[in-house]
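> predicted model, plus sequence, below.
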Amino acid sequence: MVEHSRGMPELLAQWIIRTASVSLLGFLAAGTTRLPSLRNYLATFSSFLLATMIAVDPGLAEERSHVFAKSGAWERASAGTAFLATLVVAAFEIGHLHSLPSVPVFVRHTGLVLFAGAMTLELWAMVENPFFSPEIRLQSERGHKLVACGPYRLMRHPGYLAMMIAIPSSALAIGSWLALAPAAAFCRTIWKRVGQEEEFLLENLAGYPDYLGKVGGRLLPRMEFRRHPRGNPASDLPSHPPDGSPQ
C-alpha cells in the first residue's frame with residue numbers, strides 16, 4: 001500500500017464525499033434508489049475510486065488535486081461534464097423514460113464488466129506512471145521521465161483507452177441508449193487530447209521519439225506481421241532456429 005501524506009482518515013473522508021456526491025446525483029436523476037443496474041454501477045465505481053486513491057503515488061495524487069488551477073482546465077471541465085451528463089442521462093432514462101426500448105440485461109452486465117475492465121486498466125496505468133497528470137505539461141519538479149513499463153509496453157496511452165471504454169460502457173451498464181450521446185462527446189474530447197499530448201511529448205520528453213518507434217500503437221497494441229517475398233516458397237516454410245535460439 002502506498003503511504004499517503006494526507007493520512008488514511010482524510011483519504012477515506014474524501015472517498016466518502018466523492019462517492020456520496022456521485023451517488024446522490026445518480027439517484028436524484030433516476031428519482032429512486034431501487035434500480036439494481038444503477039446501484040451495481042455506483043458500487044463498482046466507488047470500489048475503483050477507493051482503490052485508485054489508495055494505490056496511486058502520493059505525488060501524483062497531489063498533482064491531480066490542483067489541476068483546475070492550471071492551464072487546460074476547459075478541456076478537463078468538458079470531459080468531466082460529459083461524464084456527469086452520461087450518468088445523469090442514463091439514470092433519468094431508466095428512472096423516468098420507460099417508453100424507450102430498454103437495454104437488455106445481458107448488455108447491462110456486459111457493460112458493467114467492460115467498465116470494471118477499463119477501470120482496472122486505468123488503475124494499472126496510474127500505478128505504473130506516477131506522472132499521469134490531467135494537465136499536459138512536463139513535470140520537471142517531480143523528475144518527469146519516460147515510462148515504458150506495465151501497459152505502456154503495449155500501447156502509448158493506455159489510460160486514455162481505458163477512459164474511452166469506461167464512459168460508454170457506463171451508459172450501457174446503467175441501462176441507457178440515450179446516454180451514449182454524452183459518452184460520445186466525452187470520447188471526442190479525449191481523442192483530441194491524445195493528439196495534443198502526443199505532439200507535446202514528442203517535442204519535450206526525452207526518449208519519447210524512440211519510444212514511439214518501438215511501441216507503435218497509440219491506443220491499441222499494434223500487431224506486426226512479416227510479409228514474405230513473392231516467388232520464394234521456401235520462405236513460407238518454418239525454419240529451425242540455430243542452437244540457443246528460442247523455439
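Received it, and whenever you're ready, just let me know what you need. Note that this is a predicted model, so its numbers are computed, not measured.
> report how many residues lie close to Ile17.
Ile17 has 10 neighbours, counted by other Cβ atoms under 10 Å. Yep, even glycine has a C-beta here, placed from its N, CA and C like the rest.
> how near is Gln196 to Ala206?
19 Å (Cβ to Cβ, to the nearest Å).
> ah, wrong one, I meant Ala77
31 Å.
> repeat that for Arg193.
In terms of Cβ to Cβ, Arg193 sits 22 Å off from Ala206.
> look at those two and report which has more neighbours.
The neighbour comparison of Arg193 against Ala206 (other Cβ under 10 Å) goes to Arg193, with 20 against 12.
> grab the nearest non-local neighbour of the more buried one.
Of all residues not flanking Arg193 in the chain, Glu75 sits nearest, at 6.1 Å (Cβ to Cβ, 6 or more residues apart in numbering).
> what sits against that neighbour?
Glu75 sits next to 189, 192-193 when contact means Cβ atoms under 8 Å, 6 or more residues apart in numbering.
> read off the pLDDT value for it.
At Glu75, the model reports a pLDDT of 77.
> now the host helix or strand of it: how far from the chain's centre is it?
Glu75 belongs to helix 73-96 when assigned by DSSP states H and E. Offset of helix 73-96 from its chain centre (Cα atoms, centre = their mean, to the nearest Å): 16 Å.
> that one: what's the following helix or strand?
helix 105-128.
> dump the lowest-mean-pLDDT helix or strand in the chain to PDB, restricted to CA.
Ranked by mean pLDDT, DSSP states H and E, the helix or strand of the chain with the weakest confidence is helix 58-65, at a mean of 75. C-alpha atoms of helix 58-65 as PDB (Å, rounded to 0.1, in the frame of the first residue of the first chain):
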ATOM      1  CA  PRO A  58       1.300  10.500  -3.400                       C
ATOM      2  CA  GLY A  59       3.000  13.000  -5.700                       C
ATOM      3  CA  LEU A  60       0.500  12.100  -8.400                       C
ATOM      4  CA  ALA A  61      -2.400  12.500  -6.000                       C
ATOM      5  CA  GLU A  62      -1.100  16.000  -5.100                       C
ATOM      6  CA  GLU A  63      -0.600  16.800  -8.800                       C
ATOM      7  CA  ARG A  64      -4.200  15.800  -9.700                       C
ATOM      8  CA  SER A  65      -5.700  17.700  -6.800                       C
END
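> got the angle for that helix vs helix 105-128?
120 degrees (axes from the mean of the first three to the mean of the last three Cα atoms, to 10 degrees).
> buried ones in helix 58-65?
For helix 58-65, a neighbour-count test (16 or more other Cβ atoms under 10 Å) marks 60-61, 63 as buried.
> likewise for stretch 30-43?
For stretch 30-43, by 16+ other Cβ under 10 Å, it's 30, 35, 37-42.
> inside helices: which ones of those?
Among these, the ones falling in helices (DSSP state H) are 30, 37-42.
> tell me the two of the residues you listed that are most distant?
Ala30 and Asn40 (13.1 Å; Cβ to Cβ).
> and Val105, how far is that from Phe48?
From Val105 to Phe48 the distance is 22 Å (Cβ to Cβ).
> of these two, who's got more company?
Legend: neighbour count by other Cβ under 10 Å for Val105 and Phe48, higher for Phe48 (17 against 11).
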